[in-house]
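*Asks:* I'd like to go over a predicted model; first the sequence, then the structure.
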Amino acid sequence: DAKTTQPTSMDCAEGRAANLPCNHSTISGNEYVYWYRQIHSQGPQYIIHGLKNNETNEMASLIITEDRKSSTLILPHATLRDTAVYYCIPKGGSYIPTFGRGTSLIVHP
Amino acid sequence: EAGVAQSPRYKIIEKRQSVAFWCNPISGHATLYWYQQILGQGPKLLIQFQNNGVVDDSQLPKDRFSAERLKGVDSTLKIQPAKLEDSAVYLCASSPNVARITYEQYFGPGTRLTVT
């Protein structure tokens, strides 16, 4: 399974874009990159996933580099409610998803 | 659609006692997971079920932890006897059939266990 490296913590001003990086240099060809977040005292919440093309949904955008060794989750207009721990998880069809420590994002007024 | 339900939300027990957690996944989801999340860490998978069969339980401490999903729907996770280091949040998640190439997991709110 691919290993990931994420910053321990980041902060962002409300209304600005939050760009959360993830390094997954050992990702294999059939592993998707999933992003989840966990707001305090709640279970993790699925955000977005992608294989090699950039993806966008109502929550976020996912930019994956051409060599697939890293990706960036973008929250285009962060709000206070986006304060959470964000997990980047490479996952193949039958692989057991492994959560690391993630990035603690603090959105401040 | 209703989300993943878990109960109880909080439980405090003394060491060496037993405890059980219950999970009801999203209707129609074939795959069910139990995770343990210790404070300050990411969730760690304990066991994965596909319908009522175990797919992976390699990280389940089988001397004290057990889990079942008898009818392929609800699941229970039991700890007997509990140790202090079992204090954690126990999360249940479900996802559609694992045969799909990609699938996201839906998590319940978790059960916070404190062992004193």
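*Replies:* Done, it's in.

*Asks:* for the chain, what are the low-confidence residue spans?
*Replies:* As the question left the chain open, I've gone with chain A. A:1-2, A:92-96 (pLDDT under 70).

*Asks:* let me rephrase: I mean chain B.
*Replies:* B:1, B:97-102.

*Asks:* what does it have sitting close to chain A?
*Replies:* B:4, B:35, B:40-45, B:48, B:56, B:91, B:93, B:98, B:100-102, B:104-110 (C-beta under 8 Å from any C-beta of the partner chain). Where C-beta positions appear, they are placed from N, C-alpha and C, glycine not excepted.

*Asks:* and those, which are buried?
*Replies:* B:4, B:35, B:42-43, B:45, B:48, B:56, B:91, B:93, B:98, B:104-110 (16 or more other C-beta atoms under 10 Å in any protein chain shown).

*Asks:* quick one, strands of chain B?
*Replies:* Listed in chain order, the strands found in chain B under DSSP state E are B:5-7, B:10-13, B:19-24, B:31-37, B:44-50, B:53-56, B:65-68, B:75-79, B:88-95, B:106-107, B:111-115.

*Asks:* turn these into CSV, including distance to A:K3.
*Replies:* Below are the strands of chain B laid out as CSV (distance: least, C-beta to C-beta, whole Å):
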stretch, distance to A:K3
strand B:5-7, 30
strand B:10-13, 34
strand B:19-24, 29
strand B:31-37, 19
strand B:44-50, 15
strand B:53-56, 19
strand B:65-68, 26
strand B:75-79, 28
strand B:88-95, 22
strand B:106-107, 23
strand B:111-115, 29
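
*Asks:* to A:I106, which of these lies closest?
*Replies:* Closest to A:I106 of the strands of chain B is strand B:31-37 (C-beta to C-beta; 19.8 Å).

*Asks:* which outside residues touch the closest one?
*Replies:* Applying C-beta atoms under 8 Å, 6 or more residues apart in numbering or on different chains, the external contacts of strand B:31-37 come out as A:99, B:23, B:25, B:43-50, B:55, B:67, B:69, B:75, B:77, B:88-98, B:103, B:105, B:110.

*Asks:* what's the PyMOL line that selects buried ones from the residues you listed?
*Replies:* The PyMOL command for the buried members of these (criterion: 16+ other C-beta under 10 Å) is given here:
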select buried, (chain A and resi 99) or (chain B and resi 23+25+43+45+46+47+48+49+50+67+69+75+77+88+89+90+91+92+93+94+95+96+98+103+105+110)
